[in-house]
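K.L.:
Please work out how this folds:
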Amino acid sequence: MEKKIPMSKALKFNFNPFKEGLSHVLGTLEKDIMEVLWNRGESSVKDILDTFPTDKNISYSAVITVTNRMTKKGLLEKRKLGKAYFYKPIYTREQFFEFVTKKIVEGVSEFSLKSAMVHFVDYMSQMDPDKIEYFSKLIESKRKGDSRS
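P.N.:
Model (predicted):
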């Protein structure tokens, strides 16, 4: 069972509703770096850069700058080993998605809870009509106080 890590208040991101996937909350290079680190684990800037296709034309200094910013945002941990710095994600992909989703839902709900719920249910029922039954059971379990759902 995966250990639950409390999300840091220092974790910062902005949500852009007009992007897709991780690009909703991360810049292009940030997203690429997180994908590398989630897949490979702790890596140096050189290791990260070596995973990018050469036609991307990303400089070493750009990766250093972005990884340092990501450390300040609470996304990465940094440690020095010899002359190189190594970076690793503070949160697993799943933990990050859970935190971001929670914050987005909270933000949208503050804007218009009714509208958020209507659009969410409409969207999910279009994606998979069987989801309506899942959500119905989820709501019922929450009414009964089942915290495991």
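K.L.:
When you work out contacts or count neighbours from here on, use the C-alpha atoms and nothing else.
P.N.:
Noted.
K.L.:
quick one: stretch 44-51 to chain centroid distance?
P.N.:
Remark: stretch 44-51 is offset 21 Å from the chain centroid, using CA atoms, centre = their mean, to the nearest Å.
K.L.:
Which residues does that stretch contact?
P.N.:
The contact list for stretch 44-51 (CA atoms under 8 Å, 6 or more residues apart in numbering) reads 33, 36-37, 58-60, 63-64, 84-87.
K.L.:
Narrow these to those that are buried.
P.N.:
Those of the contacts of stretch 44-51 that meet the buried threshold are 33, 36-37, 63-64, 86-87, by 16 or more other CA atoms under 10 Å.
K.L.:
returning to that earlier point: secondary structure added to the contacts of stretch 44-51, as a markdown table?
P.N.:
Shown next, in a markdown table, are the contacts of stretch 44-51 (DSSP: H, G, I helix; E, B strand; the rest coil):
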| residue | secondary structure |
| --- | --- |
| I33 | helix |
| V36 | helix |
| L37 | helix |
| I58 | coil |
| S59 | coil |
| Y60 | helix |
| V63 | helix |
| I64 | helix |
| A84 | strand |
| Y85 | strand |
| F86 | strand |
| Y87 | strand |
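K.L.:
average pLDDT for the helix or strand harbouring Q95?
P.N.:
Assigned by DSSP states H and E, Q95 belongs to helix 93-127. Helix 93-127 comes out with an average pLDDT of 86.
K.L.:
helix or strand right after it?
P.N.:
helix 131-143.
K.L.:
so how far is that next one from its chain's centroid?
P.N.:
Using CA atoms, centre = their mean, the offset of helix 131-143 from its chain centre is 25 Å.
K.L.:
I am finished for the moment; much appreciated.
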